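K.L.:
need coordinates for the following:
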Amino acid sequence: MKVLVAVKRVVDYNVKVHALPDGSGLDIDKKPMVKRSMNPFDEIAVEASVQLKEAGKADEVVAVTIGDAKAVDTLRVALAMGADRGIHVKTDAALEPLAVARILAAVIGKENPDVIAFGKQAIDDDAAQTGAMTTALLDLPFGPNADKIALEDGALVVSSQTGDGTEVRALTLPAAFAADLRLAEPRYVTLPSMMKARKKPVETIEAASLGTDTAPKLTVTAYEAPAARKAGVKVSSVAELVDKLRNEAKVL
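P.N.:
This is a model prediction of the structure:
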């Protein structure tokens, strides 16, 4: 039983990102470089994958990342968390979700995993598209927004919270899931585990060698900061609050 988990290097969630003054991009390449880390949802996906192995449900966990040379740092974190080996698809290009999905589909075709794990979304673009696109390209069953997973009788059982309650899917293997916040609590990565991770194998593949179409399909016209939030007001009574909600906010 093999689990393949996709991880992405993003601007750390503690960093406040600003648009450039001319709106042409984001101010993230200044010196000193903005701190990067593994996408938080991908951390959860790695933890859930490693837990499957620790429970005896999986034999191997393979972590995959796509990006420039520094993306290996993120891959090493996944290895330190318990992944057995890594695959670094090397490219300096800025890839859209469809291009990422095509690359991952090519890697998955070579690896033939039984379970594919994604983070629900990446915190840099919040697209939440890569998992669904990848599995659509491969025609595999997909469990989004997973808050519980289990391997039972040759199926991946995925539980997700919806607006109507809990939805449970039994997906025939091979299958994929996208990790939500409640799925797992990522373990703390210690210095000794990072040192051990450096001894684990990492395969480097040039993205161009996969023969996938990674040309951009979208055009970003501009970036701008959201409008500043207006200051709130204090009300002296419940009646005044109801009046404002009804006549000013128009929500009653």
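K.L.:
centre-most residue in the protein?
P.N.:
In the chain, the C-alpha closest to the average C-alpha coordinate belongs to Gly119, at a distance of 3.2 Å (Cα atoms, centre = their mean).
K.L.:
how near is that residue to Glu206?
P.N.:
When Cβ to Cβ, to the nearest Å is applied, the distance between Gly119 and Glu206 equals 24 Å. Where C-beta positions appear, they are placed from N, C-alpha and C, glycine not excepted.
K.L.:
please apply the same query to Leu79.
P.N.:
Separation of Leu79 from Glu206 (Cβ to Cβ): 21 Å.
K.L.:
between those two, which is the more surrounded one?
P.N.:
It is Leu79, of Leu79 and Glu206, that has more neighbours when counted by other Cβ atoms under 10 Å, with 25 against 10.
K.L.:
pLDDT wise, what is that one at?
P.N.:
In the prediction, the pLDDT value recorded for Leu79 is 96.
K.L.:
what do you get for Pro32?
P.N.:
Value for Pro32, per-residue pLDDT: 58.
K.L.:
quick one on the thing from earlier: what is the neighbour count of the closest residue to the residue nearest to the centre of the chain other than its chain neighbours?
P.N.:
Distances taken as Cβ to Cβ, 6 or more residues apart in numbering place Phe41 nearest to Gly119, at 2.9 Å, with adjacent residues excluded. Applying other Cβ under 10 Å, we find 24 residues neighbouring Phe41.
K.L.:
Phe41 against Ala179, yeah?
P.N.:
Yes. The criterion here is Cβ atoms under 8 Å, and Phe41 meets it with Ala179 at 5.7 Å.
K.L.:
so what's Ala178 bridging to?
P.N.:
Beta-bridge pairing of Ala178, defined through DSSP bridges, involves Phe118.
K.L.:
any idea how far it is from Met133?
P.N.:
11 Å.
K.L.:
before we move on, what about Thr214?
P.N.:
When Cβ to Cβ is applied, the distance between Thr214 and Met133 equals 13 Å.
K.L.:
residue ranges of the helices in the protein, please?
P.N.:
When assigned using DSSP state H, the helices of the chain occupy the ranges 40-54, 71-81, 97-111, 130-138, 191-197, 238-247.
K.L.:
which one, of the ones you listed, ends up nearest to Gly163?
P.N.:
For the helices of the chain, distance to Gly163 was read as Cβ to Cβ. The smallest value, 18.4 Å, belongs to helix 130-138.
K.L.:
avg pLDDT for the closest one?
P.N.:
If you average the pLDDT over helix 130-138, you get 95.
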